[in-house]
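[1] just need the structure, nothing else, for what follows:
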Amino acid sequence: MVDQSSVDVASLPLPPVNPLPRKERLAACRSFHTGTDVLRDAGGPVTRFTLAPKWLMPPLVVVTSPQGIRDTVTCHDGSIDKTSDVSRELERIIGANLFVVAHEQWKPRRRTIQPVFTRQSVAAFGGHMSDAAESVCGAWEDGAEVDLDAAARRITMRALGHSVFGLDLTDHAESIDAPMRVAVTYAVSRAISPVSLPRWVPTRARRRAYEAAATIREFALGVVRACRADPDIDAPLVQQLIAASDPDTGKPLSDLDIANELLIFMFAGQDTTATTIAYALWALGRNPDIQDRLVEEVSQLGDRALTPADVPQLGYTIQVLKESMRLCPPGATGSRMATRDVAVAGYRIPAGTMIVMGRMSVHRDPALWDHPLVFDPDRFTEENSRHRDRWQYIPFGGGPRGCVGDHFAMLEATLALATIVRHAEIHSVDDDFPMVAPFTLVAGGPIRARITLR
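    Numbers count the residues shown, from 1 in each chain. This next block holds a predicted model:
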């Protein structure tokens, strides 16, 4: 971590200017997963540029090195804050939540919510994944072709629905998932556009986005109010958030606070976990020797339903998931805003600059990884991980604003993957896993596989 107060920031050089033409820079910025590779290859691991005058859009610095990402995310004083255009637009549309709020509002919210997501706590509301995976796999027919992405989404929607809302959300997918995508897509599109209409202009897209956000917020508020009225309702995460309070002030979360947290948790958690599971299954279907090794590990636990208590026995399954998140990280990029001049990787980043972190670029950098595009879970054995730079593998971010739900996500994905491969042998049909990044990284199309029931 850089102690910004101990660095003579004014004496540091500015990052080199990216030499790409403006049209190519703009195209790279619109590609959240591969664009940072393009910018790095042209301008180096820390490179700066503009897309529009400063009064329209802040200047940008792209960081694609472990040191640069470390210096950006380990800031504790708010001088590098989560107040980028993406965060601001998301807050306006879907409400204030832990993912988007600025530093001063984030501190008490994090203190309040953090205890809900410890390893011990998530076991209380993270046990629905095995049942969800069993129910989806149980409908597969021997020899059938399935879409791994669609299957993973059904599993996570069902499991998260029970964990978060106490409901089987597969019955509400169209009324929740589609409106959330409308709202988030609008917010992100506004954030990355160099020129946008004023927010008060009543465009059709704006109206649809706000209506969609209001629909899903009212759904979440209804669940919160019902749980507050009846503590016996089986919605574990909601009940824990209702009971949570700031340890410093004793202040609890309001119904709206909880609803806003549930919305981002449901959307981001569902997308990221489903894509990780789908990518892992696709990779196993391309590497039968790795799949066989994983199946052998799972078979040691017998035929009973898996529970959170089994996860410590699934070390190789976890390695498979870690390698999947290296190659297909849930958040391919991240952004922060410098609120004053700061030092990052030996450069001065002026106040008002948006810092874009290329996590996927670091995960696949041939200077950091041997054969970086080869799927090899043994990269994540204890021995092979021991001397690795902490900041070259960051699927859940890091620093004080790292993902609060990382333990929950790993628990859910581990139980799902182990349950699925115990039921069926996966044979991937396609050589590639298409990716797009409208917000988080997701499959860009169906991920086809043939199924052989075990």
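[2] run through the strands of the chain in chain order.
    46-49, 60-63, 80-81, 145-147, 333-338, 342-344, 347-349, 354-358, 424-428, 435-436, 442-443, 448-453 (DSSP state E).
[3] what's the most buried one of these?
    strand 60-63 (a mean of 28; mean count of other C-beta atoms under 10 Å). All C-beta spots, glycine's among them, are computed from the backbone N, C-alpha and C.
[4] what packs against the least confident helix or strand in the chain by mean pLDDT?
    In the chain, no helix or strand scores lower on mean pLDDT, DSSP states H and E than helix 119-125, which sits at a mean of 76. Contacts defined by 3 or more C-beta pairs under 8 Å, 6 or more residues apart in numbering; DSSP states H and E place helix 119-125 against helix 236-243, helix 406-423.
[5] out of the strands of the chain, flag the one nearest residue 377.
    Within those, the stretch nearest residue 377 is strand 424-428; the backing value is 15.2 Å (C-beta to C-beta).
[6] what are the pairing partners of the closest one, and which direction each?
    Strand pairing for strand 424-428, determined by DSSP bridges: strand 448-453 (antiparallel).
[7] sorry, back to before: now render the helices and strands packed on helix 119-125 as a markdown table, adding mean pLDDT.
    Below are the helices and strands packed on helix 119-125 laid out as a markdown table (pLDDT from 0 to 100):
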| stretch | mean pLDDT |
| --- | --- |
| helix 236-243 | 90 |
| helix 406-423 | 94 |
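[8] nearest residue to residue 131 in space, please, no chain neighbours.
    Leaving aside its sequence neighbours, residue 131 sits nearest to residue 305 (C-beta to C-beta, 6 or more residues apart in numbering; 6.9 Å).
[9] from residue 133, how far off is the one you found?
    10 Å (C-beta to C-beta, to the nearest Å).
[10] do residue 185 as well
    29 Å.
[11] higher neighbour count, those two?
    Set residue 185 next to residue 133 and count neighbours by other C-beta atoms under 10 Å: residue 133 wins out with 30 against 16.
[12] pLDDT wise, what is that one at?
    What the model reports for residue 133 is a pLDDT of 92.
[13] OK, contacts around it?
    Counting by C-beta atoms under 8 Å, 6 or more residues apart in numbering, residue 133 makes contact with 155, 159, 415-416, 419-420, 423.
[14] just the buried ones from the residues you listed, in PyMOL syntax?
    Of the contacts of residue 133, the buried ones go into a single PyMOL selection, burial set by 16 or more other C-beta atoms under 10 Å:
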select buried, resi 155+159+415+416+419+420
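[15] got JSON lines for the contacts of residue 133, with distance to residue 371 too?
    Formatted as JSON lines, these follow (distance: C-beta to C-beta, whole Å):
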{"residue": "155", "distance to residue 371": "31"}
{"residue": "159", "distance to residue 371": "34"}
{"residue": "415", "distance to residue 371": "30"}
{"residue": "416", "distance to residue 371": "28"}
{"residue": "419", "distance to residue 371": "30"}
{"residue": "420", "distance to residue 371": "27"}
{"residue": "423", "distance to residue 371": "31"}
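[16] closest to residue 240 out of the contacts of residue 133?
    Using C-beta to C-beta, the contacts of residue 133 come closest to residue 240 at residue 159, 16.6 Å.
[17] list the residues that contact that closest one.
    Counting by C-beta under 8 Å, 6+ apart, residue 159 has contacts 128-129, 131-133, 412, 416.
[18] one more time with 10 Å, if that's ok
    126-133, 135-136, 168-169, 269-270, 273, 412, 415-416 (C-beta atoms under 10 Å, 6 or more residues apart in numbering).
[19] does residue 279 touch residue 443 like I think?
    Yes: the pair residue 279 / residue 443 is scored as a contact, 7.8 Å apart, by C-beta atoms under 10 Å.
[20] off-centre distance for stretch 52-64?
    23 Å (C-alpha atoms, centre = their mean, to the nearest Å).
[21] start to end distance for it?
    The straight-line separation of the ends of stretch 52-64 (C-alpha to C-alpha, to the nearest Å) is 22 Å.
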